[in-house]
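S.K.: sharing a model prediction with you, sequence too.
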Amino acid sequence: MVSRRGFLGSTTAAVGGLLLAAESRGLAQPAPARMDPVVTPPRPRAPVEPASPPERDGRYLPVITPDGVTLPWRRVEGVKVFHLTAEEVRDHEFAPGLQAHCWGYNGRTPGPTIEIVEGDRCRFYVTNRLPEPTSVHWHGVPLANGMDGVAGLTQRAIGPGETFLYEITFRRAGTFMYHPHFDEMTQMALGMMGMLVVHPRRPRSVVDRDYVLMTSEWFIRPGARRPDPARMNDFNLLTFNSKAFPGTSALVARTGERVRLRIGNLSAMDHHPIHLHGPSFKVVATDGGPIPEAGQWPETTVLVPVGSTRDVELVATDPGDWALHCHMTHHVMTQMGHDAPNMVGTRGTRRLDARVQRLIPGYMTMGQAGMGGMGEMAMPVPPNSLPMRGSAGPFGYIDMGGMFTVLKVRDTVPEDGSDPGWYRHPGGTVAAAATPEQLERDGLRAEVTAR
Ligand SMILES: [Cu+2]
């Protein structure tokens, strides 16, 4: 006996004062205009404006952050100058139909990807527009201890309205991350994190496309407008770059290209085995450094533990739409309640339904044919929620959400790397219902029709 309420978890209304009209925002847009935080701290006396237009380095192939941006910088006397603003991100859209007020940097979660070249001298100004102190830890980066960003241990926390300066010379190339080291549980649960890529001065391996994916996990009660940072387990929203499928943008590659995926994990409690269909890859680096070629081995799934990054490289050998997702099956479900019994295979519920309907009009037992079609049934759900919703695909309903995206490999791809649409399979290359002739040919007809 499963009520809809059971599937959704309890549907507590959001706190009235935080409920705002939904404002839909397109995917992969440039950083949205700065929003006013709930509590507006005093503005710093000398705000540092981000460089505009951004300067280019020219020494590396820039990374692509699907649904994200790269942090602009400017050069001042040979030093690269960056500005991060820790602030509220209102109405962040995880996927169409689900928005929440999060925290992040420069108007987005995750914060903009920082790109640097090994040896660069950098200055990071960090302005705190949050209603509580914060700090920035440069996760995995070898640096002077006083720049490590651990509030209380290596520096005083950055108070609301204050701007701090971090000065770092990047000694080692690699994929790193940045996140607060003050009230970590709250600030990271609300989305404060970002990727930091240090390109080697001399490239170790040349790739044609270099993608950055930050994995994270959230709990948002269906209908609520705020992630719940107090949640310790049973997260119900799993994301790549703070987007849940079908809100995730596809990764694109041309057939034969070398592709690097830089995957970070700043989830609160879960490691993610990230699985790619189609081409296998090699794990070539962690945030601890590059793996010597003799130590690399082929994989189709890479475990990305909490607080670490993994770089994998592959050759996009075969055209197609190749799923890229966390292999924990609950991590490709969005806002699923876990308190209901699974009714798959149950029969004869009509009489039961009729009885319960005397008490609860409209009651219906669900799930006898499994959970795969749940999202497709388009049952009414609380406003601003995506319980178990997937997406329409080229062959029907894709019943996954959450930490799921697609690597789209094509012989020709749009110049700007935009989504080429669903793959069009050559005739006769798609699995389909077996015909009687085929069954006959292979001696299975009697076996199949016997039951
Ligand atoms: Cu996962």
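M.R.: Sure thing, it's come through.

S.K.: hey, let's count contacts and neighbours off CA atoms from now on
M.R.: Fine.

S.K.: show me what contacts the closest residue to the ion within the stretch 351-451 of the chain?
M.R.: Using C-alpha to the ion, the single residue of the stretch 351-451 of the chain nearest to the ion is residue 403, 6.8 Å away. By C-alpha atoms under 8 Å, 6 or more residues apart in numbering, residue 403 lies in contact with 215, 238, 239, 240, 243, 244, 245, 325, 326, 331, 332.

S.K.: ok, the fifth one to the ion distance?
M.R.: Residue 243 sits 14 Å away from the ion when distances are taken as C-alpha to the ion, to the nearest Å.

S.K.: the nearest residue to residue 264 once chain neighbours are set aside: how many residues sit nearby?
M.R.: Excluding the flanking residues, the one nearest residue 264 by C-alpha to C-alpha, 6 or more residues apart in numbering is residue 309, at 4.2 Å. The number of residues packed near residue 309 is 28, by other C-alpha atoms under 10 Å.

S.K.: partner strands of the host helix or strand of residue 309 and their direction?
M.R.: Element membership for residue 309, per DSSP states H and E: strand 308-315. Neighbouring strands of strand 308-315 in its sheet, by DSSP bridges, are strand 258-265 (antiparallel), strand 281-286 (antiparallel).

S.K.: point out the most buried one among the ones you listed.
M.R.: By mean neighbour count, with neighbours taken as mean count of other C-alpha atoms under 10 Å, strand 258-265 ranks first of these at a mean of 24.

S.K.: how far out from the middle of the chain is it?
M.R.: Strand 258-265 sits 13 Å away from the centroid of its parent chain (C-alpha atoms, centre = their mean, to the nearest Å).

S.K.: can you tell if that strand touches the ion?
M.R.: No: residues of strand 258-265 are not located near the ion by C-alpha under 5 Å from the ion, the shortest gap being 9.5 Å.

S.K.: using PDB, list the CA coordinates for that strand.
M.R.: C-alpha atoms of strand 258-265 as PDB (Å, rounded to 0.1, in the frame of the first residue of the first chain):
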ATOM      1  CA  ARG A 258      40.900  12.500 -26.800                       C
ATOM      2  CA  VAL A 259      38.700  13.600 -24.000                       C
ATOM      3  CA  ARG A 260      39.700  14.400 -20.400                       C
ATOM      4  CA  LEU A 261      37.100  14.400 -17.600                       C
ATOM      5  CA  ARG A 262      38.200  16.100 -14.300                       C
ATOM      6  CA  ILE A 263      35.800  14.900 -11.700                       C
ATOM      7  CA  GLY A 264      35.700  16.300  -8.200                       C
ATOM      8  CA  ASN A 265      33.600  15.300  -5.200                       C
END
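
S.K.: still on that earlier bit, now the strands paired with strand 308-315 in CSV, with mean pLDDT?
M.R.: Converted to CSV, the strands paired with strand 308-315 look like this (pLDDT from 0 to 100):
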stretch, mean pLDDT
strand 258-265, 98
strand 281-286, 97
